[in-house]
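Visitor: sequence first, predicted coordinates after that:
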Amino acid sequence: MTSYQAHYQAAMADPESFWLQQAQQLPWYQLPSRALEPLSDHRYRWFADGKLNCSYLALDHHVAAGRGNQLALIYDSPVTNTRQNFSYQLLLQQVQQCAGALRQLGVAKGDRVVIYMPMIPEAVIAMLAVARLGAIHSVVFGGFAAHELAVRIDDATPKVIISASCGIEVNKVIAYKPLLDKALAQASHQPVATLIVQRAQLAAALQPGRDHDWQQALATAEPAAAVPVASDDPLYILYTSGTTGKPKGVVRDHGGYAVALHYSMGAIYNVRAGDVFFAASDVGWVVGHSYIVYGPLFAGCTTVLYEGKPVMTPDAGSFWRLCQQYQVKVLFAAPTAFRAIRKDDPEAQWLQHYDISSLQCIFMAGERLDPATYDWTVAKTGKPVIDHWWQTETGWPICANLMGIEALPVKPGSSSVPVPGFCIEVLDDAGQRLPANQQGNIAIKLPLPPGCLQTIWRNEARFEAGYLSSFPGYYSSGDGGFIDDDGYVFIMGRTDDVINVAGHRLSTGEMEEIIARHPAVAECCVIGIADALKGQLPFGLVMVKNGSTISPEQLEQELVTMVREDIGAVACFKQAKIVQKLPKTRSGKILRKVLREIADGKTPQVPSTIEDPSCLEEIRQHLP
């Protein structure tokens, strides 16, 4: 099959054969005899009778195939001026030792291990070591507030917690161990032990009996072999913020995830064994799980682990330096990273210092890629830029341009076409299918393909209520958008980002797309605020590019005119204020719900994932 349509139709017409064929590309201990097994009207499992281990797939398999000397992991840390290379053989040895140390602490198949780590090689080693034992890891973003960590500890009930003495941010050191100690003081559940990586920048005091030094524990451990597990045994729990304020623990399996990621590396990203893949994310997010750790290693690639920022560590040329230095073939980052680069370096002058000829493609995900950022990145780099859409819950892309099969024409503003296995439909609020070009709720027909969430950890009712009850027979994505006449999917934002202005349902994402076209605007967001006459009115917040001299009044007037010309007077867009920062999560998502609640006079529940809460005070002063 050499065309996108051939792959997509094969996956739709006969998912059993299609996914079994993909499964056969992996080294199972016991090859599954069937792909899809229904459990109920809306629940399924993949490759149920197969046995494998994701740590073995990622490491042992490649060493056994004679690629032990190939680079598996490159660690690059401008914040500590450290660089380190790990061959597949060396990484395997480290993972075997870590798994042995965890086994000595009592970790066995099915146990949970919470990993609270900065972007250091030990975080990757810990994840693969937990998987090696058939245990379940739950990575919590390093530096999370103690309360949020405590909530996750109580939900996952880990036997062991792995952490580090500190994390390094721009010009500051964050002590992790006191945060962990405070979280354990708040938590009802207590682990039997913690394993602590002591970093040179700040040592941590260890509590005798409970806390164990990473280096000492690994030095005295017996290396552990990979434990065969069933395909549908849980590999990890990854918490995503929930609307109730209680985090949702998304559960991922071993077999379906491995098959989906391995397929995606070749079909979507067009990389093979030996290629260098750089996902500029964090292991605490789903992108880090799927495309820093598991996906590239399943495919036999070299993966780049970057402890730094797109700007300020030390400058806006950081990504380009990495691409040149390590001969990166594919770069994957959130649009917010490129907006930050564009804001600091509008003319991409730093790019002139580096040779990025090895780079074949740039992928973006995590938030909608606005056409202005797309156009800038294409113009400045000369590289194909691919927007693709997926969620923590799916674990891998729902929509993408499959660069390893057939590079389709790009439509700015669209996340391209459905990935084989995902049957996407646009439904109205009553669950009726909408025609092309009409906005509605994005839903995916069941069954979901391999790799997607199995359930919510210890909360099946929440899984069904949150994802399966809105539209029976479908997974509700929570996103709104439309599909055009050519089958391209346009994600316009979360369904709660649709505002109602005097009876007209309008997409704030569409307004943001227009505002982002202004040459002075680096980044923006639009929210709906309550209005006694019209129900809601749109309100814009914008960050301007470095060096911009436009006055706030002139910018507001020009943006109002642009929205009026493109959408019409019906939008009632009349206010746009300049701010220094927009409130974002550490993964780059703008906290629109928090902004809406502030505008409506409510006290918002600010998530622990916010990067800089101080910016909320400035924004409060601008809101009506």
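Guide: Received it, and whenever you're ready, just let me know what you need. Please read all numbers here as calculations on a predicted model, not as lab measurements.
Visitor: just give the number of residues close to Thr2.
Guide: 7 (other C-beta atoms under 10 Å). In short, each C-beta sits where N, CA and C put it, glycine included.
Visitor: I figured it was touching Leu402, is that so?
Guide: No: assessed by C-beta atoms under 8 Å, Thr2 is found out of contact with Leu402, at 11.0 Å.
Visitor: is Gly440 bridged to anything, and to what?
Guide: Beta-bridge pairing for Gly440 (DSSP bridges): Gly481.
Visitor: what is the burial count for it?
Guide: Residues near Gly440, counting by other C-beta under 10 Å: 22.
Visitor: strands of the stretch 1-150 of the chain, residue ranges please.
Guide: 36-38, 44-46, 51-52, 71-77, 82-87, 112-117, 136-141 (DSSP state E, counting those that start in this stretch).
Visitor: so how far is the fifth one off the chain centroid?
Guide: This points to strand 82-87. Remark: strand 82-87 is offset 24 Å from the chain centroid, using C-alpha atoms, centre = their mean, to the nearest Å.
Visitor: note down every partner strand of it and its orientation.
Guide: Applying DSSP bridges, strand 82-87 is found paired with strand 71-77 (antiparallel).
Visitor: what does the first one give?
Guide: As defined by DSSP bridges, the strand partners of strand 36-38 come to strand 44-46 (antiparallel).
Visitor: any stretches of the protein with poor pLDDT?
Guide: Along the chain, segments meeting pLDDT under 70 span 1, 241-245, 495-498, 502-505, 587, 608.
Visitor: give me the most central residue, it.
Guide: Centrality entry for the chain: nearest residue to the mean C-alpha point is Val287, 3.4 Å, by C-alpha atoms, centre = their mean.
Visitor: is it in a helix, a strand, or coil?
Guide: Look at Val287: counting by DSSP: H, G, I helix; E, B strand; the rest coil, its state is helix.
Visitor: can you check Asp154 too?
Guide: helix.
Visitor: same list, the strands of the stretch 1-150 of the chain, but as JSON lines with mean neighbour count and distance to Pro384 please.
Guide: As requested, these are arranged in JSON lines below (neighbours: other C-beta atoms under 10 Å; distance: least, C-beta to C-beta, whole Å):
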{"stretch": "strand 36-38", "mean neighbour count": "15", "distance to Pro384": "34"}
{"stretch": "strand 44-46", "mean neighbour count": "22", "distance to Pro384": "31"}
{"stretch": "strand 51-52", "mean neighbour count": "22", "distance to Pro384": "34"}
{"stretch": "strand 71-77", "mean neighbour count": "21", "distance to Pro384": "23"}
{"stretch": "strand 82-87", "mean neighbour count": "16", "distance to Pro384": "28"}
{"stretch": "strand 112-117", "mean neighbour count": "27", "distance to Pro384": "33"}
{"stretch": "strand 136-141", "mean neighbour count": "25", "distance to Pro384": "30"}
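Visitor: out of those, nearest to Gln24?
Guide: Taking C-beta to C-beta, strand 51-52 is the member of these nearest to Gln24, at 12.2 Å.
Visitor: same for that closest one, what does it pack against?
Guide: strand 229-230 (3 or more C-beta pairs under 8 Å, 6 or more residues apart in numbering; DSSP states H and E).
Visitor: partners of the strand it packs on, with directions?
Guide: Assessed with DSSP bridges, strand 229-230 is paired to strand 51-52 (antiparallel).
Visitor: show me the contact partners of the partner strand.
Guide: Outside strand 51-52, the residues within contact range by C-beta atoms under 8 Å, 6 or more residues apart in numbering are 26-30, 228-231, 254-255, 258.
Visitor: what about 7 Å?
Guide: Contacting residues not belonging to strand 51-52 are listed as 26, 28-30, 228-231, 254-255, 258 [C-beta atoms under 7 Å, 6 or more residues apart in numbering].
Visitor: for these, which one is nearest Leu73?
Guide: Ala258 (18.4 Å).
Visitor: now name the helix or strand holding that closest one.
Guide: helix 255-267 (DSSP states H and E).
Visitor: which strands or helices does that helix pack on?
Guide: Where contact means 3 or more C-beta pairs under 7 Å, 6 or more residues apart in numbering; DSSP states H and E, helix 255-267 is packed against helix 15-23, helix 295-298.
Visitor: any idea which of these is most buried?
Guide: The highest average neighbour count among these, using mean count of other C-beta atoms under 10 Å, belongs to helix 295-298 at a mean of 28.
Visitor: tell me where the stretch 401-550 of the chain has helices.
Guide: Secondary structure of the stretch 401-550 of the chain (DSSP state H, counting those that start in this stretch): helices located at 460-463, 508-515.
Visitor: relative to the whole chain's centre, how far out is the last one?
Guide: Centroid separation between helix 508-515 and its chain, computed with C-alpha atoms, centre = their mean, is 23 Å.
Visitor: let's number from 33 now, not from 1
Guide: Okay, using 33 as the starting number, the last item reads as helix 540-547.
Visitor: list the buried residues for it?
Guide: 540-547 (16 or more other C-beta atoms under 10 Å).
Visitor: swap in stretch 626-634?
Guide: 626-631.
Visitor: how about these in CSV, adding distance to Leu103 and secondary structure?
Guide: Compiled in CSV, those are given as follows (distance: C-beta to C-beta, whole Å; DSSP: H, G, I helix; E, B strand; the rest coil):
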residue, distance to Leu103, secondary structure
Val626, 41, helix
Leu627, 43, helix
Arg628, 46, helix
Glu629, 47, helix
Ile630, 47, helix
Ala631, 49, helix
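Visitor: now these in TSV, with distance to Val458?
Guide: Listed next are the buried residues of stretch 626-634 as TSV, based on distance: C-beta to C-beta, whole Å:
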residue	distance to Val458
Val626	28
Leu627	26
Arg628	24
Glu629	28
Ile630	31
Ala631	29
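Visitor: among the residues you listed, which pair sits farthest apart?
Guide: Farthest pair in the buried residues of stretch 626-634, by C-beta to C-beta: Val626 and Ala631, 9.8 Å.
Visitor: hmm, back to that, go through the helices and strands packed on helix 287-299 and name the closest to Gln121.
Guide: helix 327-330 (13.2 Å).
Visitor: alright, that wraps it up for me.
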